[in-house]
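# Structure of the sequence below:
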Amino acid sequence: MSSLSSQNQQRAHDTARSNETTWSDIDKSRLYGIGSIMYSALTVALHPLTVAKIRRQVTTNNNQTTFNSGSFFQNYFRGLSVVVSLAIPARIIYISTLEFTRELIDTNTRHFIFNPPPVMAAYEKQLQSLIPFVTPFSGGIAGGMAAVSSQVIIVPMDVISQKLMVMEDSVYRQKGSAVNVMKSIIAREGYGGLFRGFGLSLFTSLPAGTIWWASYAGVKDQLNHYADPNYPMEIPVIARQGFVQVTSALALQSQLQFLHNLLTQ
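Next up is the predicted model:
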């Protein structure tokens with residue numbers, strides 16, 4: 001009787017979630033194609049702010065936070081080619097790991113809760129009370145794994161691009177290319193120099209990614225109850241979940257990112 005009740009609850013639960021988009025439903029070519037274009041455009045638009053922020057954080061001389069010569073484009077778009085060329089594959093790794101892992105963890109966790117092994121059959125009701133936490137749990141684990149996996153590309157990208165951003169004007173005019181910076185780092189420190197600060201990057205990205213996607217998934221799951229059932233998500237719902245997601249993650253991420261920028265110089 002308990003098994004039949006559990007099956008009915010799982011069937012009702014699956015029906016309620018049948019309208020949700022899964023990783024297998026997503027058009028990967030559109031996701032990576034259009035998504036990469038939009039992400040690259042946003043990166044280009046925000047790059048001058050990134051350059052100004054990095055120079056402000058890592059330079060001790062106030063005179064070095066501004067540029068003495070060169071055009072706006074030459075100064076505030078330093079390192080852009082490195083960022084754009086490496087951020088796209090890093091983003092693909094991030095999204096693929098995130099969505100695939102989240103769906104895998106979510107599906108298997110729900111199956112375990114509704115179909116516990118015999119030794120845990122006595123705790124069936126207690127297990128089913130954990131259903132509201134499955135979505136943020138799977139989102140948090142997947143977000144942490146995605147953030148960590150992408151650091152293999154992001155860390156060398158940060159090391160090279162930030163070296164270009166903080167170069168003195170005279171040095172940049174002579175040696176201001178990504179290839180020269182990479183060669184000098186390898187010659188001086190070996191290939192490990194390209195991964196300077198990798199440990200701190202993991203320490204930064206793991207909690208930030210976990211908090212970010214756990215809060216996103218949890219808030220989305222709760223606000224879905226107030227959305228119009230005829231539409232996947234309404235704009236006000238997306239806005240509210242985005243606000244909670246951003247404020248939760250940035251509170252931790254900003255301080256850790258500051259330490260990371262100092263270490264990679």
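# okay, and for the stretch 151-265 of the chain, where does confidence drop off?
With pLDDT under 70 as the threshold, the stretch 151-265 of the chain has low-confidence stretches at 223-265.
# Which residue ranges of it form helices?
Using DSSP state H, counting those that start in this stretch, the helices assigned to the stretch 151-265 of the chain run over residues 169-175, 178-189, 198-223, 235-263.
# Starting from the strand or helix carrying residue 38, tell me the next helix or strand along the chain.
Secondary structure here is read from DSSP states H and E; on that basis residue 38 sits in helix 28-58. Tracing the chain past helix 28-58, the next element assigned as helix or strand by DSSP H and E is helix 72-76.
# chain center to the one helix or strand residue 103 maps to: distance?
For residue 103, the element it lies in under DSSP H and E is helix 80-114. The chain centroid and the centroid of helix 80-114 are separated by 9 Å, computed with C-alpha atoms, centre = their mean, to the nearest Å.
# how many degrees apart are the helix holding residue 38 and helix 80-114 in direction?
Between the axes of helix 28-58 and helix 80-114, defined by axes from the mean of the first three to the mean of the last three C-alpha atoms, to 10 degrees, the angle is 120 degrees.
# Can you report the mean pLDDT over the residues of helix 28-58?
Averaging pLDDT along helix 28-58 yields 86.
# tell me how far it is from the chain's mean position?
Taking the mean of its C-alpha atoms, helix 28-58 sits 13 Å from the chain's own mean (C-alpha atoms, centre = their mean).
# what's it packed up against?
When contacts are defined as 3 or more C-beta pairs under 8 Å, 6 or more residues apart in numbering; DSSP states H and E, helix 28-58 packs onto helix 72-76, helix 80-114, helix 131-166, helix 235-263. For glycine as for every other residue, the C-beta is placed from the backbone atoms N, C-alpha and C.
# Can you say which of these is packed in most?
Of all the helices and strands packed on helix 28-58, helix 131-166 carries the top mean neighbour count, a mean of 22, counting by mean count of other C-beta atoms under 10 Å.
# and the angle from it to helix 80-114?
In this structure, helix 131-166 runs at an angle of 170 degrees to helix 80-114, with the same axes, to 10 degrees as the basis.
# Now do helix 131-166: distance to the chain's middle.
Its chain's C-alpha centre and that of helix 131-166 lie 5 Å apart, by C-alpha atoms, centre = their mean.
# Next, the angle from it to helix 198-223.
Taking the same axes, to 10 degrees, one finds helix 131-166 and helix 198-223 inclined to each other by 140 degrees.
# got the angle for helix 131-166 vs helix 178-189?
90 degrees.
# Which other helices and strands does helix 131-166 contact?
Applying 3+ C-beta pairs under 8 Å, 6+ apart, one finds that helix 131-166 makes contact with helix 28-58, helix 80-114, helix 178-189, helix 198-223.
# And the last one, what's buried?
So that's helix 198-223. Taking 16 or more other C-beta atoms under 10 Å as the neighbour-count basis, helix 198-223 is seen to contain the buried residues 198, 200-201, 204-223.
# Show me what that helix is packed against.
Packed against helix 198-223, as judged by 3+ C-beta pairs under 8 Å, 6+ apart, are the following elements: helix 80-114, helix 131-166, helix 235-263.
# Dump those to a markdown table, plus distance to residue 30.
A markdown table is the format used below for these (distance: least, C-beta to C-beta, whole Å):
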| stretch | distance to residue 30 |
| --- | --- |
| helix 80-114 | 12 |
| helix 131-166 | 20 |
| helix 235-263 | 19 |
